[in-house]
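Engineer: just to be clear, the model below is a prediction. Sequence and coordinates:
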Amino acid sequence: MPFQFDNSYARLPGEFYSLVAPTPVAQPSMIRVNRGLAELLGADAEVLQSPAGLSVLAGNEICIGSVPLAMGYAGHQFGGFSPQLGDGRAVQLGEVIGTDGVRYDIQLKGSGPTRFSRRGDGRSALGPVLREYLVSEAMAVLDVPTTRALAAVSTGESVMRDGMIAGGILTRVAQSFVRVGTFQWLAARGDVENLKVLADYVIDRHYPEAKESETPYRALLDIVIERQAALVAQWMQLGFIHGVMNTDNTAVSGETIDYGPCAFMDTYESNKTFSSIDHQGRYGFGNQGPMAHWNLSRFAETLVPLLASDSDQGVAIAEEALDRFVEIYERELQQRFKAKIGLGVDADDLANADDVDWKLVRELLTLMEDGKADFTLVFRQLSLVLESNRDDKVLALFDCTKGIAAWLKVWRARVAEVDGGAAVALMHRSNPIFIPRNHRIEEVIEAGYSGDFELFHRLLDVLQHPFDEQPKNAVYEDAPTDDEIVPATFCGT
Ligand code: AMP
Ligand code: MG
C-alpha cells in the first residue's frame, strides 16, 4: 500500500465530483519515480517502483484507501464560458498528508475517460507527460508554487492524435486541484449553499488564517488575489509563458497547474506567444498579469453572494478587492526584475524617487526586444559584467550593440552607487543558468517516442541545479540555433 490516503474531497457533497476508477492499460512500464517527492508524501519510493507501485500509477489497480474521482469544474476558455468541463482525462486517487504536514492531492493524468470527457479519450500522449514532468519539476526547484510530478508511466498503448502515438500517464500532486472553475461550476447553477461549502473547504485547507477575519470570504478573495499576483510575477521573472490561462487552469492554492503548451521563451519578445491555439496572443508573455486579473474577476464574481447579503454591496466589495491586484502585481514584478539586474529592495530607498531602477529594467527589455536577445542568457551574463568585465559576452547577445553598450554604462554606475558587492549575489539568486528550453524538451520527447529516456533523465538532472555552473552540461545553457528553434507548442492532450 504505497499511500496513506485520507480523502477530504470525497467527503464533500456529491455535486462536486463523479466517482470513477482509472481504466487499466495493456502493458505499463515505469519511466521515472520522483524519489524526493515520494518521501515528502510519506510514500516508499521502492514500493512505487515495484510492480505493485506501477500497477497503481498506471491505474491498473486501486489501492486500499483510494476513492478515485473526477472533479467537476466549469471555466472560461479563451474568454468563453463552458459550464461543464471537469476532469476529462484525470482521476484523483486520493489525498495524503505529507511529512511537512501539508495535505496533497494525488492524481493520474491520462488514466482514461470520465463523465467529463465529452469527445476526448481521457488519455494523454507520452510527449505531454514528459513535458509536464520536466517543466513542473523545474518550476519547483526554482521556487515557483506548482503542482509536482511524482511519476511518469508509459502505457504500452497508443493514442490517436495526428496519427497513432505512444500513450503515457503522469502522476501529479498539488496542494489541491480546486480551481477558479470549481467555484464557477457551482456559481453557474446558482448553488450558493454548495459554494459556501467549497469556500469553507478552501479556507480550512489553504487559508485557515481567513477564519480569524470578521469577513472570511473577503479574506479568502484577498489571499487568492495576492497569491495569483505573486505567482504570475514569478513566471514573468523566469520568462515563463503558461499558454492556457483559462479560469479552469487557475488554482486557488496559487500553484501553477495544467501545464499544456507552456514554454520558457528564448529570444525576448514582450508578448511572445507559443501556443498554436492562441491566435490573438491572449495568453502571451506580457498579457499574463492582466489575464490573471481577469481570471480573478471571474473568481470574485462567484463569491459575490458570500461577500454580502445585498448583491450591489457584494459587487462593491469584490471590486475593492480586485483593485488591489495591479498594485500587488506591479510591486512583485518590479522587485523581481530589479533583482535580476542586481538592484535590491534596499536600492529603493536610495535616491530613487523617480524609480530610475525600474526605468533601467524597462530600457533593458526594450533593447532586448529590438536586439532579439535571449532572455535567460542576458540576465545571466549581466553578472559576468560585474564579476569579470565581460561586457563583450552581453553585447554578443544583441543584434545591434549601440544601445546596450550605453545602457551597460549607466547600469554599472547605478549598481556601484547602490552596492556592487551584494548585486552579484542577488543576480545569481535571481537568474537561473538552466531552464527547460523548448528545443531540449522537444529532443527529449522525440527520443521518448522511440523508447529512449536517457535524455529525459539527463535534462531532469541538469534542472535540479538551475543556479549552479555545470561545465559538463554547458550545452543546456545555450539558446537554440536557427534550426533548433521551436516556433509553436501544442495543447497538452
Ligand atoms: P486543459 O487543456 O487542461 O485546459 O483541458 C480543458 C478540458 O478538456 C478539461 O475539462 C479536460 O479534462 C478536457 N480534456 C483535455 N484533453 C482531454 C482528453 N484527451 N480526453 C478527455 N478530456 C480532455
Ligand atoms: Mg485544464
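Structural biologist: Looks like it arrived, so ask away. Residues are numbered from 1 along each chain as shown. Ligands and ions are numbered 1, 2, ... in the order given.

Engineer: same for the lengthiest helix in the chain, what does it pack against?
Structural biologist: With secondary structure taken from DSSP state H, the chain has its longest helix at helix 311-340. Judged by 3 or more Cβ pairs under 8 Å, 6 or more residues apart in numbering; DSSP states H and E, helix 311-340 is in contact with helix 216-238, helix 288-307, helix 356-370, helix 420-430. In this view, the C-beta of every residue, glycine as well, is placed from N, C-alpha and C.

Engineer: per-residue confidence averaged over that helix?
Structural biologist: Averaging pLDDT along helix 311-340 gives 97.

Engineer: please apply the same query to stretch 370-387.
Structural biologist: pLDDT averaged over stretch 370-387 gives 96.

Engineer: residues in contact with it?
Structural biologist: Contacts to stretch 370-387, defined as Cβ atoms under 8 Å, 6 or more residues apart in numbering, come from residues 239, 264-268, 340-342, 364, 367-368, 390-391, 393-394, 397-401, 403-404, 408, 411-412, 415, 420, 423-424, 427-428, 430-433, 435, 477, 479.

Engineer: quick one: buried residues of the longest helix of the chain?
Structural biologist: Neighbour-count burial for helix 311-340, counted by 16 or more other Cβ atoms under 10 Å, picks out 314, 317-318, 321-322, 325, 328-329, 332-340.

Engineer: now swap in stretch 426-443 and tell me
Structural biologist: Buried, per 16+ other Cβ under 10 Å, within stretch 426-443: 426-428, 430-443.

Engineer: so which of the residues you listed belong to helices?
Structural biologist: L426, M427, H428, S430, N438, H439, R440, I441, E442, E443.

Engineer: now do the contacts for the fourth one.
Structural biologist: Just to be clear, that refers to S430. Contacts of S430 (Cβ under 8 Å, 6+ apart): Q237, R336, A339, K340, F379.

Engineer: can you say which two of those residues are spatially most distant?
Structural biologist: R336 and F379 (11.0 Å; Cβ to Cβ).

Engineer: so which bits of stretch 37-57 are buried?
Structural biologist: L37, A38, L40, L41, A43, A45, L48, Q49, G53, L54, V56, L57.

Engineer: quick check, A125 in contact with I169.
Structural biologist: No. Using Cβ atoms under 8 Å, A125 is not in contact with I169; the gap is 10.7 Å.

Engineer: the two: which has the busier surroundings?
Structural biologist: Using other Cβ atoms under 10 Å, the more surrounded residue of A125 and I169 is I169, with 29 against 25.

Engineer: what's the strand or helix carrying the more buried one packed up against?
Structural biologist: According to DSSP states H and E, I169 maps onto strand 163-174. Applying 3+ Cβ pairs under 8 Å, 6+ apart, one finds that strand 163-174 makes contact with strand 103-109, strand 124-125, helix 126-141, strand 148-161, helix 438-449.

Engineer: out of these, which is closest to L69?
Structural biologist: Nearest of the helices and strands packed on strand 163-174 (Cβ to Cβ): strand 103-109, 9.7 Å.

Engineer: looking at the helices and strands packed on strand 163-174, which is closest to ligand 2?
Structural biologist: Nearest of the helices and strands packed on strand 163-174 to ligand 2, taken as Cβ to the ion: strand 103-109 at 9.7 Å.

Engineer: distance between the closest one and the chain's centre?
Structural biologist: 15 Å (Cα atoms, centre = their mean, to the nearest Å).

Engineer: what's the mean pLDDT across it?
Structural biologist: Rounded mean pLDDT across strand 103-109 is 98.

Engineer: residues in contact with it?
Structural biologist: Contacts of strand 103-109 (Cβ under 8 Å, 6+ apart): 3, 6, 8-9, 22, 41, 57, 59, 87, 89-98, 124, 129, 132, 150, 169-177, 205.

Engineer: about what we covered before: and the furthest pair within the buried residues of stretch 37-57?
Structural biologist: Most distant of these, by Cβ to Cβ, are L40 and L54, 20.3 Å apart.

Engineer: ok so, going back, just the contacts of strand 103-109 that are near ligand 1?
Structural biologist: D87, R89 (Cβ under 6 Å from any ligand atom).

Engineer: which among the contacts of strand 103-109 are in contact with ligand 2?
Structural biologist: Contacts with ligand 2 within these, counted by Cβ under 5 Å from the ion: none were found.

Engineer: which of the contacts of strand 103-109 count as buried?
Structural biologist: 3, 9, 22, 41, 57, 59, 87, 89-96, 98, 124, 129, 132, 150, 169-177, 205.
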